[in-house]
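Visitor: here's my sequence, what's the structure:
(chains A and B)
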Amino acid sequence: MMDTIMEFLAHSYTQWGLWTLLYTLLIVVGVLIAVAYYTYAERKVMGAMQRRQGPMTVGPLGLLQPIADGLKLFSKETIIPSGAHRVVFLLAPMMLFALSLIAWAVIPFDKGWVLANVNVGILYLFAVSSMTVYGVIMAGWASNSRYAFLGGLRSASQMVSYEVSMGLIIVCVLLCTGSLNLQEIVLADRPLWVQILLFPMFIVFLVSILAETNRAPFDLPEGESEITGGFMVEYSAMAFALFFLGEYSAMILMSAMTTTLFLGGWLPPFGLEFFAFVPGIIWFALKTALIMFVFLWARATLPRFRYDQLMRLGWKVFLPFTLFWVVLTAGLLVTFDALP
Amino acid sequence: MLIQALAFYLFAIILVASAGMVIAARNPVHSVLFLILGFFNSAGLFVLLGAEFVGMILVIVYVGAVAVLFLFVVMMLDISFSDLRKGAMQYVPVGLLIACVLFAELFLVYGAWSFVPGVEQNIAVATADFEGVSNAEVIGRVLYTDYFLPFQLAGLVLFVAMIGAIVLTLRVRPGVRKQIVSEQQKRKREDVLEVVKVTSGTGV
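Guide: The predicted structure is shown next:
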């Protein structure tokens, strides 16, 4: 009996399977903890910006607040409206949550620390992030409520609009790095002028990911002052918690994606060699946390856009600008013979 | 190999089943959702074939953009689909005819592949010296280097079609007020605001 188990464990497929399982579990648990403490950080940061204290009572410095919030949502009753399309209604939050987790499979946390080192990693990320719109639109439709439906429609048109310019920005980065593999994108040689060339795209990308994750100042799909909470209006308890987890996980994912594309992933900042003793994952986490802070900063500072302003920014400003920049980047790379 | 075969059958069965549900579902929104499931599974089949680039593009373009618009339109439409369904049975012979033609064509293609020796050489021309290169690079080389002109012409045709669609649906509505941002930016304080000293009892 023992022998068969040992033999089973020694088999290369089994080892591969177990290793993958362990790694997946690590990522999922890590992301969930990060999400829990991101909500805490959000309340603390916004508190500091508005001269409040934020959560203080549960645990030392309020550190147990996210756990208390989670337990509260667990213990509540899930209410399904009588007019709702039951299957789609329950499928929507699950789908959103699952999608925000599966994208982590291709993110390189450190050199070689990646679950699936696929050739088209960046396309996979883009595909998964473009699918999250279904969670929202299905929730909006299945709730059978005017407010939820309006929220779903807003979200769909908003995400489709901003994905176009996001795609063009990714094309710019790909032109400079010459690979669709995320590890190779991080490791690709970027001279200073290429970095300067990509800087405007970095800024546009930051704004686009705010719109893509439906965060303030582009949180019109939720828009509590006009449509009372948008697509989430009919959700309660765990179904609502899944939306919440999915949204925050998507924000962290987008920060990680920005880090990988523009900030050099796990490499020390500004190419400083003497920082190389710090493990790469720490640099990766710090850079991601920087972008995550920008999300909170924007939320605490900027008022919400009007819907036509949002559309104008997406189609009339970002799209022509990024399109022009793709042509410019390609032209400069060809002129200086710097194509990878 | 076994896992690949299992994955193939899983994707294929779900694909065929969801394709069937697209026409069988009573609710049009459910039809679109099944269509999306179908797209997704065909992307899985492409990945199994080793064409991961095509698979991902299928998800990005069809699932991420085209199907969103389908869903958008279907959700907004307020038509009774049971009324539409009433006359549907009279089209069954046409549908069957088209299915037969498609099946025969597929049969001929695969038959030619297996039984006619010359066909394999035609395929060999298209995949000449692409050993050991990722398929994104191969597609890039074929489209942008070998067949550059036809590809650009195809793009031009699509562009014309796009302009046509815009021109056909454009209507000028008089009396609609538009926000012109540049005009707003150009407004100066002196043009619109006048500070008046008012002494009490006189009015402006």
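Visitor: relative to chain B, which residue of the stretch 1-150 of chain A is the closest?
Guide: Per CB to the nearest CB, residue A:130 is where the stretch 1-150 of chain A lies closest to chain B, at 3.2 Å. (Glycine included, C-beta is placed from N, CA and C.)
Visitor: name the element that residue belongs to?
Guide: Assigned by DSSP states H and E, residue A:130 falls within helix A:121-142.
Visitor: again with residue B:101
Guide: Taking DSSP H and E as the definition, one finds residue B:101 inside helix B:92-115.
Visitor: what average pLDDT does that helix get?
Guide: For helix B:92-115, mean pLDDT rounds to 86.
Visitor: quick one on the thing from earlier: quick check: closest non-adjacent residue to the residue of the stretch 1-150 of chain A closest to chain B.
Guide: Once flanking residues are discounted, residue A:130 sits nearest to residue B:64: 3.2 Å by CB to CB, 6 or more residues apart in numbering or on different chains.
Visitor: and the one you found, how many residues sit next to it?
Guide: Residues lying near residue B:64 (other CB atoms under 10 Å in any protein chain shown) number 25.
Visitor: thought it was touching residue A:134?
Guide: No: using CB atoms under 8 Å, residue B:64 is not in contact with residue A:134; the gap is 9.2 Å.
Visitor: any idea how far the helix holding residue A:130 is from the chain center?
Guide: For helix A:121-142, the separation from the chain centroid amounts to 11 Å (computed by CA atoms, centre = their mean, to the nearest Å).
Visitor: now do that helix: which elements does it pack against?
Guide: Other elements packing on helix A:121-142 under the criterion 3 or more CB pairs under 8 Å, 6 or more residues apart in numbering or on different chains; DSSP states H and E are helix A:86-102, helix A:146-177, helix A:182-187, helix A:237-262, helix B:28-49, helix B:52-58, helix B:67-76.
Visitor: and these: which comes nearest residue B:182?
Guide: Closest to residue B:182 of these, according to CB to CB: helix A:146-177, at 21.1 Å.
Visitor: element containing residue A:144, please.
Guide: Counting by DSSP H and E, residue A:144 is part of no helix or strand.
Visitor: give the contact list for it.
Guide: By CB atoms under 8 Å, 6 or more residues apart in numbering or on different chains, the contact set of residue A:144 is A:81, A:83, A:84, A:85.
Visitor: one more time with 6 Å, if that's ok
Guide: By CB atoms under 6 Å, 6 or more residues apart in numbering or on different chains, the contact set of residue A:144 is A:83, A:84.
Visitor: could you point out which element follows the lowest-mean-pLDDT helix or strand in chain A?
Guide: One helix or strand of chain A scores below all others by mean pLDDT, DSSP states H and E: helix A:2-10, with a mean of 69. Sequence-wise, the next helix or strand downstream of helix A:2-10 (DSSP H and E) is helix A:12-49.
Visitor: and the next helix or strand past that next one?
Guide: Per DSSP H and E, the first helix or strand lying C-terminal to helix A:12-49 is helix A:65-75.
Visitor: got the contact list for that following helix?
Guide: For helix A:65-75, the external contacting residues (CB under 6 Å, 6+ apart) are A:36, A:39, A:40, A:55, A:58, A:237, A:241.
Visitor: give me every residue that touches residue A:237.
Guide: Residue A:237 makes contact with A:73, A:76, A:77, A:78 under the criterion CB under 6 Å, 6+ apart.
Visitor: could you find the closest non-adjacent residue to it?
Guide: In space, residue A:237 is closest to residue A:76, 3.9 Å off (CB to CB, 6+ apart).
Visitor: with that, I have no additional questions.
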